[in-house]
Structure formats: structure tokens, C-alpha cells
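Student: Turn this into a model:
(2 chains)
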Amino acid sequence: MDGAAPRRLAVGPSSRPRLARHARLKFDETRERWVLLVPERVLAPDDIAVEILQLCDGLKTVDLLVEELAVKYAAPKDEIAADVIALLQDLADKGFVIGAKESVQ
Amino acid sequence: MTPTLISAEPVLRDPNDGIAVLERTRTVAETFGIPLAVLAELTHRCPLQCPYCSNPVEMERANAELTTEEWTRVLTELAEIGVLQVHFSGGEPTARKDLVELVRHATQVGLYTNLITSAVLLTRDKLVDLADAGLCHVQISFQGSEPVLADRVGGFRNGHVKKLEVAQWVRELELPLTVNAVMHRQNIHQLRGMIDMAVELGADRIEVANVQYYGWALKNRAALMPTVEQLDEMTAVVDEAETRFKGIMEIDFVIPDYYATRPKKCMGGWGRQFFNITPSGKILPCHAAETITDLDFDSVRSNHSIAWIWQNSEAFNRYRGTGWMPEPCQSCEFKEQDYGGCRCQAFALTGNAANTDPACQLSPFHATIFKAAETEAAADQRRFIYRNFAGGTLEKDEPA
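Tutor: Below you'll find the model as predicted:
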């Protein structure tokens, strides 16, 4: 048992995030848009959020995926890092994004 | 490039309704959309006898239940029309021998699966099979924080201890766990203990849900209705726990709407996002809709498709949107926020399902029901009428 200690991922540049088993990103053919399916909710990520989540493969570090996005969007790395970490931390706090190290499967 | 996530919750608490972004065309979304989630009540059989059960008082028998073949056809059809999530519920869904097969089929057709269970019939092997079949989420109901009260409420000996054991297996198998804490006058003093229990079990989420008073719960209202003081105490406990467990466990809080000033947006609006399938295949706008006695429901056993029923069934269209509303709803600025509240509650308490939900302070019945709730809570009658196929059994003795 985990007890009361925080067990969520604290997202930082060296984290290697991926979606938890119960957070499923899928293209919804009926509504013609991406959705993130989680317990009791359907989340509707925008195009950028989808792009970030698709990069979260449990192998790439946050630092690396920020760099990829910075090049692609020709935007300052710091700005992108702040947005990416905010999004991932929000999902990590809810248990939808986990770190590769925590992965068992 | 700030990314955004918009949430559309099958259990609606969020006033920011996500349906508009989940629809292709705004015009459709304004009236009703493609259903997001379906509650599949596989059976009304259940070893527990909770006095607030959400099943109808007239339950469907085992011989009326849909077969495995019928459910698999239904699940395929749901995925085809754009349903994203299916909640396997009951009764007790694990009482069905084909549950693993149904979860596997739902997964194969792309549905996100949730199991809403009392847990007392589960073995570890069965849970492993369900996880392997693709089950995404497990929701276990708890009746208290300690066995004496919890087992009395559930009317099932040793249920509480069994639930704790199953909850641990759920976490060992890395399935996300929601603890469903159903709250009423006789267990509110254990809320703090239930929240701590959920954290200790490693739950991702706890639903602190006050009993909603239809069907069995309405029969038991005098034994269940909290006092105003208890509601304040609950709110304080929840607020404190939300701060303490931020980032560890999510807490969702559903207040009893008898004490609200505005009605809840029941089901996200009648026939807008969700529907329910009964054990025998009737398609209902919500699980309590059969309490409205003058509505007829179409079945998956009819020669209509589920899509046809969703779009054309009289039971869905009667209270859909805002056109049906009388005053004070019709001219109300909140009519598209709460869709007039709950039709079943309006019917149960005023005799007319088209009336404004009396939970709304603008309803002429509001003062009367609030007064009734206060009086019943103060009288503190404690004996339960236990849920069963015989129409209910009164608890033998007045509890200590």
C-alpha cells in the first residue's frame, strides 16, 4: 500500500512521461476529433495537447520533447517548457500521466 | 501554444459542459448530441440489500435479462454510434457469468470500460481475467469506515472486510480505483475515516456522494436524510481533505439536492449525453426514469436500432432541450445550465414530471420539501427497509 505519501510524478526536464494504462488517447471517428478517455470523464485535448501526449512514449525526456516542439514551432524553449510541464503536471496530479520508472507493465 | 483540455464528465458536476466541443456541429449540440457514455445494468441481482439502491423498486428477474449474444450486439452498436465509455453496473454486475466476455468484447470494439461493483463476489482470479480483458477502471462502493455499521447498511455479513481485500487486489493489478462513499444521516460521522481508508487503499479518487432520493432511497428517506448541521460538517471534512490530499487522491462531492438552492443538471440534461440500458434491454434516459409511470421505453429487443431510439423515442424527446418547460423554468436565465433539474424527482415529489424540480428554490414546492427533510432528519427514525425482490424487508430491530 502506498500510504499517504505523494505518489504522483513530479514532472521535470528529466522525467520520461507516458500515459497511464487507464488514460487512452484515441481518435474518435464519429466526432472527428481526438479524445482522452479517463475514468468517469472524456477529455477533449486541443491539437497541441494531442501532439505533446503523442510524444510521451516513456522513453523521451521532457527536455527532449520540448526541444522537438521548440524547433517545430520556432518558439523559445523556456516558454514551451513551461506550457508542456503545466499540462503534464496537471495530468500527473490526476494519475493520468506517469513516469517511465514507475511503470510496471 | 498553451494547450488546453476540456472535460466532459459522464457524471456531471462541472458547469463547463464539454459537449459543444465534442460535437461536429454546434446546432446538434444545442439540443442533444452523440451520447458519450452508457450505463449498462447487466442484472438487478445483488447479494447486498442497501436501502438506497438506485435500482427500481420493481426489479427485473434473471430470466428477463439480455443474453450474452444480445449484450455483445448492443456493445458493438454502441461503439458504432459514437459512445465512448460503458459503465458495467447492476445490481451486481459480477453476478453475471459472462462479465469477462462482455468486457473483452467492449474493449475489442473500442469502448472504455468501467466496473461499478460491490466487490463481494470477486475473486483475485476473476479480477486478473477482467484486467486481461481490458478493464480500465474499478469503482467499489463502501457503506462505512468500519465493519459493524458498513455491514448493517449493506445487509451483508463480512462485506466490508471483503471489499477491503478486493480493493487491495485492484491496486496490486495496477487498475485505477475509485471508492464510492454513499453518504446519509447514519454514516456521515464516518466520512473522515472513509476518506483516510480510501487514501490508504491507494484509491485514485473518492466519490463522496449523498444519497439521491428516488426508488428505494425515497422509501427509506426518513432513515437516511441528513440534518443541515451534518451537511455543513461534511462540507468542512471534504474541504479539508481536498487540501490535504491534493495530488494524491481526487475528491468528488455530490451534495443532497434537498438542501440545495438550485437543482442539479441531472444526467447533463435529459437525453443529451447519456443513457441507461436495463437488464432486459430497455433504453432509459436515466436509471430512475421508470419511476415516471406514464413514460414508455423502447427496447434493444425491438426492431429499432439504438441510434433510432436515441433520436426518436418519445421517452427521450418528451423532456429534451428546453421547449417542454413550464414556468418558472421557461423564462429562467439558468434553463440551459441545469435543464430544469431532475424529472424523476419532480414526478416523485409533485406528481408531474414536467414541473420544475422542487430542489430549485423557484419551485412552489421547494419550501415544503425542505421542511419535510428537516422534520424527518430530526425525528431520527433509523430502521431500514432493505432492498430485495420481495419489495423490501423492514430491519428487525431498532439499531442501537
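Student: Show the contacting residues for B:Ala126.
Tutor: Small correction: residue B:126 is Lys, not Ala. Listed by CB atoms under 8 Å, 6 or more residues apart in numbering or on different chains, the contact set of B:Lys126 reads B:Thr94, B:Val100. Heads up, the C-betas are built off the backbone N, CA and C, glycines and all.
Student: How is it assigned, secondary-structure-wise?
Tutor: For B:Lys126, the secondary-structure state derived from DSSP: H, G, I helix; E, B strand; the rest coil is helix.
Student: biggest helix in chain A, by residue count?
Tutor: helix A:77-93 (DSSP state H).
Student: Which helix in chain B has the most residues?
Tutor: The helix that spans the most residues within chain B, counting by DSSP H, is helix B:228-244.
Student: if we can go back for a sec, show residues contacting the longest helix of chain A.
Tutor: So helix A:77-93 is in contact with A:8-13, A:15, A:17, A:23, A:49, A:52, A:56, A:62-63, A:65-67, A:69-70, A:73, A:97-98, B:1-3, B:5, B:246-247, going by CB under 8 Å, 6+ apart.
Student: mind running it again at 7 Å?
Tutor: Surrounding helix A:77-93, the residues in contact under the criterion CB atoms under 7 Å, 6 or more residues apart in numbering or on different chains are A:8-9, A:11, A:17, A:49, A:52, A:62, A:65-67, A:69-70, A:97, B:1-3, B:247.
Student: Stretch B:286-302 now?
Tutor: Against stretch B:286-302 from outside (CB under 7 Å, 6+ apart): B:39, B:41, B:54, B:56, B:70, B:74, B:214-215, B:266-267, B:276-277, B:281-284, B:304, B:306, B:309, B:313-315, B:343-344, B:347-348, B:353.
Student: Give me the buried subset of those.
Tutor: Judged by neighbour count, with 16 or more other CB atoms under 10 Å in any protein chain shown as the criterion, the buried members of those are B:39, B:41, B:54, B:56, B:74, B:214-215, B:266-267, B:276-277, B:281-284, B:304, B:306, B:309, B:313, B:315, B:343-344, B:347-348, B:353.
Student: residue ranges of the strands in chain B, please?
Tutor: In order along the chain, chain B carries the following strands (DSSP state E): B:5-8, B:37-41, B:85-89, B:112-117, B:137-142, B:177-183, B:205-210, B:250-254, B:274-277, B:283-284, B:385-386, B:393-394.
Student: Next, format those as CSV and append distance to chain A and mean pLDDT.
Tutor: Compiled in CSV, the strands of chain B are given as follows (distance: least, CB to the nearest CB, whole Å; pLDDT from 0 to 100):
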stretch, distance to chain A, mean pLDDT
strand B:5-8, 4, 54
strand B:37-41, 8, 95
strand B:85-89, 6, 96
strand B:112-117, 4, 97
strand B:137-142, 4, 97
strand B:177-183, 6, 96
strand B:205-210, 7, 93
strand B:250-254, 6, 88
strand B:274-277, 11, 94
strand B:283-284, 18, 96
strand B:385-386, 28, 96
strand B:393-394, 33, 94
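Student: Identify whichever of those strands lies nearest to B:Ala367.
Tutor: Comparison of these against B:Ala367 by CB to CB identifies strand B:205-210 as nearest, at 20.4 Å.
Student: what packs against the closest one?
Tutor: Here strand B:205-210 touches strand B:177-183, helix B:191-201, strand B:250-254, going by 3 or more CB pairs under 7 Å, 6 or more residues apart in numbering or on different chains; DSSP states H and E.
Student: show me the contacts for the nearest residue to A:Phe27 once chain neighbours are set aside.
Tutor: Once its chain neighbours are removed from consideration, A:Phe27 has its nearest residue in A:Trp34; the separation is 5.5 Å (CB to CB, 6 or more residues apart in numbering or on different chains). By CB under 7 Å, 6+ apart, the contact list for A:Trp34 reads A:Leu25, A:Phe27, A:Pro45, A:Val50.
Student: what do you get if the cut-off is 10 Å, keeping everything else the same?
Tutor: Shown in contact with A:Trp34 (CB atoms under 10 Å, 6 or more residues apart in numbering or on different chains): A:25-28, A:43-47, A:49-51, A:53-54.
Student: So which of those belong to helices?
Tutor: A:Asp47, A:Ala49, A:Val50, A:Glu51, A:Leu53, A:Gln54.
Student: and stretch B:125-145, which residues are buried?
Tutor: B:127, B:129-131, B:133-145.
Student: Okay, now the sheet partners of the helix or strand of chain A with the lowest mean pLDDT, with direction.
Tutor: Each helix and strand of chain A was given a mean pLDDT (mean pLDDT, DSSP states H and E); the minimum falls on strand A:41-45 at a mean of 86. The pairing partners recorded for strand A:41-45 under DSSP bridges are strand A:33-38 (antiparallel), strand B:5-8 (antiparallel).
Student: now that strand, how far from the centre of its chain.
Tutor: A distance of 13 Å separates the C-alpha centroid of strand A:41-45 from that of its chain, computed with CA atoms, centre = their mean, to the nearest Å.
Student: Please export the C-alpha coordinates of it as CSV.
Tutor: Coordinates of the C-alpha atoms in strand A:41-45 are reproduced here as CSV (Å, rounded to 0.1, in the frame of the first residue of the first chain):
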residue,chain,number,x,y,z
ARG,A,41,-14.6,11.6,-17.9
VAL,A,42,-13.9,12.3,-21.5
LEU,A,43,-11.2,14.9,-22.1
ALA,A,44,-11.1,16.9,-25.3
PRO,A,45,-7.4,17.9,-25.8
